[in-house]
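Colleague: any chance you can model this:
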Amino acid sequence: MTEKIISNAPYVASAATVIAGMTVKDWGVIIGVILTTTTVVVNWIYKHRQDRRETERFYREMYGGASSPDKE
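Modeller: Numbers count the residues shown, from 1 in each chain. The predicted structure is shown next:
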């Protein structure tokens, strides 16, 4: 157990040094990238769901209740 702690200590210290050395500007860039990526993913998911709903509605209106022509 002690060997694991000792062998991982340099990695933890390196990560702490990198984090401590970051400025507010660096954190702003990192948070901006994360939020932008999250926004793109959430928008893609909602657009995909909207397209699926509109497709099902189209088939219901065109074919009288079936969600796609294959299901008739």
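
Colleague: list the buried residues for the longest helix along the chain?
Modeller: When the chain is parsed with DSSP state H, its longest helix is helix 24-63. Neighbour-count burial for helix 24-63 flags Tyr59 (criterion: 16 or more other C-beta atoms under 10 Å). Every residue, glycine included, has its C-beta placed from N, CA and C.

Colleague: how far does it sit from the chain's center?
Modeller: 10 Å (C-alpha atoms, centre = their mean, to the nearest Å).

Colleague: also stretch 18-25?
Modeller: Centre-to-centre, stretch 18-25 and its host chain are 24 Å apart (C-alpha atoms, centre = their mean).

Colleague: run through who's touching that stretch.
Modeller: Here stretch 18-25 makes contact (C-beta atoms under 8 Å, 6 or more residues apart in numbering) with Ile30.

Colleague: CA atoms only for that stretch - export them in CSV, please.
Modeller: Only the C-alpha atoms of stretch 18-25 are listed here, as CSV (Å, rounded to 0.1, in the frame of the first residue of the first chain):
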residue,chain,number,x,y,z
VAL,A,18,0.3,22.6,-13.1
ILE,A,19,-3.0,23.5,-11.5
ALA,A,20,-1.4,26.0,-9.1
GLY,A,21,0.5,27.7,-12.0
MET,A,22,-2.6,28.4,-14.0
THR,A,23,-3.9,31.9,-14.3
VAL,A,24,-7.5,33.1,-14.3
LYS,A,25,-7.1,33.5,-18.1
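
Colleague: buried residues in the least confident helix or strand in the chain by mean pLDDT?
Modeller: When the helices and strands of the chain are scored by mean pLDDT, DSSP states H and E, helix 2-20 comes last with a mean of 87. Residues of helix 2-20 include none that count as buried (16+ other C-beta under 10 Å).

Colleague: that one vs helix 24-63, what angle?
Modeller: 90 degrees (axes from the mean of the first three to the mean of the last three C-alpha atoms, to 10 degrees).

Colleague: what's the offset of helix 2-20 from the middle of its chain?
Modeller: Relative to the chain's own centre, helix 2-20 is displaced by 28 Å; criterion: C-alpha atoms, centre = their mean.

Colleague: what is the rounded mean pLDDT of the longest helix of the chain?
Modeller: Here helix 24-63 scores 95 as its mean pLDDT.
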